[in-house]
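Student: Mind looking at a prediction? Sequence and model below.
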Amino acid sequence: MSQEFWICWKLPQVEIPKDQPVLAFLSPTEEQEMERRGVRWINGRRIPPKIRQEALDQYLDMTARLGLAKNSRGQTFRQALGRSGEASSWWYHPASFRDCEADPAFNYLLQIFFIRENIKERKITQLALWAAPASIERALRSVCQIRVEYPVRELPFIFLIGRALLSRIKFGLTQLSYSWRLRHFDFSHVPCDGAAFFGYWPWSVRWDEARGTIVDHHYAALPETLKAQTGLESFWLAWFYPEGRGSSQGRFLEELIHPAQRKRCPVVFLQSFLGWRDIVLATINLNPLWRSWLWLHLGRFKNALLPMGEIDFMPLFTKTLVQGSAGYSLVYGQLMALSVRRACERLSPRWAFHFQEHFPPARAFYEGARQSSRSVHTAAIQHASYAPEKTLLCAVPGLDTGRTPDGENMPMPERFFALGPYSASLFQKCGYEMGRIMVTGSPRYDWLRSWEPAPPAHEPFLMKRSPKIVLLACTLNVSMETDMIEAVSLAARGLRDIRIRVRTHPYSPLNQAARLKRFGYELEFSKAALSEDLAQSDLVLVTYSTVGEEAFLMGKPVWRWAAHGFNGSALFSMRPEPQFDGVFQLRRALESFCQEPERYRPCGPAVFETGERLFFKTDGRAAHRIAGHCQDILGRQDNL
């Protein structure tokens, strides 16, 4: 009889037998306690590359096949959510987005595949799950006998649907308010036949009173460069989104809209093209919710996943399918596409740019431009680095793009301006035709000048100073970043030569995370500019933030903490070290760094090679290269 195999997501409150095999997906604090108890355990952070690749391939295939689930008439779910002449609303659904930062499905799949590998290797038939996520528990019941300890209680399904519906209603009412307040916004001064840049007013694009101009850090100098090289006047198709600035509803007109009006900024608010009828009809359309619930009840989604193997993976996607159909995502996509179509018909831009690659709002943007009666060239300008496991970039050729089984294709830009050759190779796998992806670099990173292998004259002094500033650069993924902060805080405890500085994502609630309160006295949350934080830091730790790549190109030592889940770091997908998955291991590295910091500085050739692959030519001319490509394409079109 095989021994029971323990799998723990929380530390068991009972004594663990010394010979008990344990697979642990624990927090750093709990892992230290396991070490203290002398338990023989398998670290859930150490998933082999082969298993990770298998899980990734399976995840991409499964998420594509959910949209290809068929009803009794042979109609796919994607077709059921579509209308004639328009892209299916499926492409605005969270399930099709594959957002590994917000949806835990891919992380759970990685864990399931690692568990399955241990089951096969040890010939296990009985599992004891300690505080397992409910969807993992249900998936594993299809292959093993299971004993559950400390079951994780989920909210009732009806409550989740109700919460999603409330978010839909709130979104609809908010857009009605914005549409009404923006209906008289004057954009008669905005040029026609120009270049349109998408932005979110006022967080990605805003009026800067000090500079007396519009500031957009995603496109940087591209609008001015495009005008200089092509003669095209630039303007912004802006989605009004004051929530991103934390502004109060009662004050947003005076503080956020009026500067754009008074200064006659080249800004067009997309909500001004929406009427109350458009918003109400999109909000009250619950057909996607009804269809997703019915198809779940009849097992159509499950049938689409049956060829995936012996495990029932459907529990990983059930919540996302129903909540995504009930929530505001589909309404948002439909209104975005409609407003962009009307804006393009009114303003006839020659080029329309978006910075969010394959995000659902970007898909709706491309679709709206395509639907317009004008000849508009659409382009994506890559805004951040990507790695193979950062699944929100992914599309599956033959299922999502190209010749698909149901003729439904994901909206994509006509041209893609990639950050570097490494990113271009990843996006090429999404099904882009040859010649549509151009490696130019991104204007957002034109400030980088890091091919110089020798550090500036003042940096040797900085490397010798005490204490050393360790910058933790965080993303929007609260659970993974909390894991890293906890690990570094434990590893650095008692090291007087280490000072921990946390740089959060501007829109992350990370500093409110409950697990961090016990480390509050050790942590310093930075409010400085990124350039200042990087200049002052001696060492940078990331899970997958692009700040890691920027720091490496500046000659800073960069380490990665292997949090539970996907590896979204482009830098550490290219070079596997130094990565850490244990507090003791990280502690020894920090002690060594305090003694010999220069030993950890990256060498010049490594910096140069990495810069070329990730950021192309770090010469500050990405905007010029993009403008040059646009000029060539317009020139060929005008000559026809």
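Tutor: Cool, got the structure.
Student: Pop out the phi and psi values for V502.
Tutor: Backbone torsions for V502, taken as degrees, to the nearest 10, come to phi -100, psi 130.
Student: From P202, how far out is it?
Tutor: 26 Å (C-beta to C-beta, to the nearest Å). Bear in mind the C-beta positions are built from the backbone N, C-alpha and C, glycine included.
Student: again, but for V39
Tutor: V39 sits 52 Å away from P202, taking C-beta to C-beta as the criterion.
Student: Do you know the pLDDT at L173?
Tutor: Note for L173: predicted pLDDT of 96.
Student: Give me the buried positions along the helix or strand that it is a member of.
Tutor: Following DSSP states H and E, one finds L173 within helix 157-182. Buried residues in helix 157-182, counted by 16 or more other C-beta atoms under 10 Å: 160-161, 164-165, 167-168, 171-172, 174-176, 178-179, 181-182.
Student: Let me see the contact set for the closest residue in space to T401 that isn't next to it in sequence.
Tutor: Spatially, and ignoring its direct neighbours in sequence, T401 is nearest to G431 (3.3 Å; C-beta to C-beta, 6 or more residues apart in numbering). The contact partners of G431, by C-beta atoms under 8 Å, 6 or more residues apart in numbering, come to A395, V396, P397, G398, D400, T401, G402, M412.
Student: Filter those down to the buried ones, ChimeraX style.
Tutor: In ChimeraX syntax, the buried subset of the contacts of G431 is picked out as below (16+ other C-beta under 10 Å):
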select :395,396,400,401,412
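Student: now the contacts of G431 as JSON lines including secondary structure, distance to Y108 and pLDDT?
Tutor: As requested, the contacts of G431 are arranged in JSON lines below (DSSP: H, G, I helix; E, B strand; the rest coil; distance: C-beta to C-beta, whole Å; pLDDT from 0 to 100):
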{"residue": "A395", "secondary structure": "coil", "distance to Y108": "22", "pLDDT": "95"}
{"residue": "V396", "secondary structure": "coil", "distance to Y108": "20", "pLDDT": "96"}
{"residue": "P397", "secondary structure": "strand", "distance to Y108": "25", "pLDDT": "96"}
{"residue": "G398", "secondary structure": "coil", "distance to Y108": "26", "pLDDT": "95"}
{"residue": "D400", "secondary structure": "coil", "distance to Y108": "22", "pLDDT": "96"}
{"residue": "T401", "secondary structure": "strand", "distance to Y108": "26", "pLDDT": "95"}
{"residue": "G402", "secondary structure": "coil", "distance to Y108": "29", "pLDDT": "93"}
{"residue": "M412", "secondary structure": "coil", "distance to Y108": "28", "pLDDT": "97"}
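Student: Stretch 216-228 - what's its average pLDDT?
Tutor: On average, stretch 216-228 scores 94.
Student: which residues are contacting that stretch?
Tutor: So stretch 216-228 is in contact with 195, 197, 199, 204-205, 232-234, 236, 351, 353, 355, 381, 383, 443-444, 446, 623-624, 626-627, 630, going by C-beta under 8 Å, 6+ apart.
Student: Distance from it to the middle of the chain?
Tutor: Counting by C-alpha atoms, centre = their mean, to the nearest Å, stretch 216-228 is centred 24 Å from the centre of its parent chain.
Student: Compute the first-to-last residue distance for that stretch.
Tutor: 18 Å (C-alpha to C-alpha, to the nearest Å).
Student: Kindly report the same for stretch 415-424.
Tutor: 12 Å.
Student: ok, which stretches of the stretch 201-350 of the chain are strands?
Tutor: 205-208, 213-216, 234-240, 267-269 (DSSP state E, counting those that start in this stretch).
Student: what's the closest of these to T318?
Tutor: Evaluated with C-beta to C-beta, those place strand 234-240 nearest to T318, the distance being 30.5 Å.
Student: Measure how buried V14 is and give me the count.
Tutor: A count of nearby residues for V14, using other C-beta atoms under 10 Å, gives 8.
Student: How about L109?
Tutor: As a burial measure, L109 scores 25 neighbours (other C-beta under 10 Å).
Student: thinking it is in contact with P315, fair?
Tutor: No. In this structure L109 lies outside contact range of P315 using C-beta atoms under 8 Å: 11.1 Å.
Student: List the contacts of G199.
Tutor: V205, D216, H218, W236, L237, A238, W239.
Student: Try it again at 6 Å.
Tutor: Applying C-beta atoms under 6 Å, 6 or more residues apart in numbering to G199 gives the contacts V205, D216, W236, A238.
Student: How far off centre is stretch 400-417?
Tutor: On C-alpha atoms, centre = their mean, the centre of stretch 400-417 falls 20 Å from the chain's centre.
Student: go on, stretch 558-569?
Tutor: Per C-alpha atoms, centre = their mean, the centroid offset for stretch 558-569 relative to its chain is 14 Å.
Student: Then stretch 155-168?
Tutor: For stretch 155-168, the distance to the chain centre is 24 Å (C-alpha atoms, centre = their mean).
Student: and it, what's its mean pLDDT?
Tutor: On average, stretch 155-168 scores 93.
Student: Give me the contact list for that stretch.
Tutor: Q323, A326, G327, Y328.
Student: one more time with 7 Å, if that's ok
Tutor: For stretch 155-168, contacts defined as C-beta atoms under 7 Å, 6 or more residues apart in numbering pick out T283, K319, V322, Q323, A326, G327, Y328, V331.
Student: What about the residues you listed, which are in helices?
Tutor: Of those, the ones assigned to helices by DSSP state H are T283, K319, V322, Q323, A326, V331.
Student: now, the most widely separated pair of those?
Tutor: The span of those, defined through C-beta to C-beta, is set by T283 and K319 at 21.7 Å.
Student: Okay, now the unreliable bits of the protein?
Tutor: Judged by pLDDT under 70, the chain has its weakly predicted residues at 1-2, 244-254, 307-309, 450-465, 511-521, 638-640.
Student: For the closest residue to W41 other than its chain neighbours, give me its contacts.
Tutor: Among residues not flanking W41 along the chain, V22 sits closest, at 4.2 Å (C-beta to C-beta, 6+ apart). V22 makes contacts with W6, C8, I16, V39, W41, I42, as judged by C-beta under 7 Å, 6+ apart.
Student: Hmm, the third one is touching W41, no?
Tutor: In other words, I16. No. I16 is beyond contact range of W41, at 8.4 Å (criterion: C-beta atoms under 7 Å).
Student: Y328 against T174, yeah?
Tutor: No. Applying C-beta under 7 Å, one finds Y328 not in contact with T174, separated by 9.2 Å.
Student: In stretch 591-604, which of the residues would be classed as buried?
Tutor: For stretch 591-604, by 16+ other C-beta under 10 Å, it's F593, C594, P597, Y600, R601, P602.
Student: Over to stretch 410-424?
Tutor: Buried-residue list, stretch 410-424, by 16+ other C-beta under 10 Å: 410-420, 422-424.
Student: Just name the closest of those residues to R52, please.
Tutor: Taking the buried residues of stretch 410-424 together and measuring to R52 by C-beta to C-beta, the closest member is Y422, at 17.9 Å.
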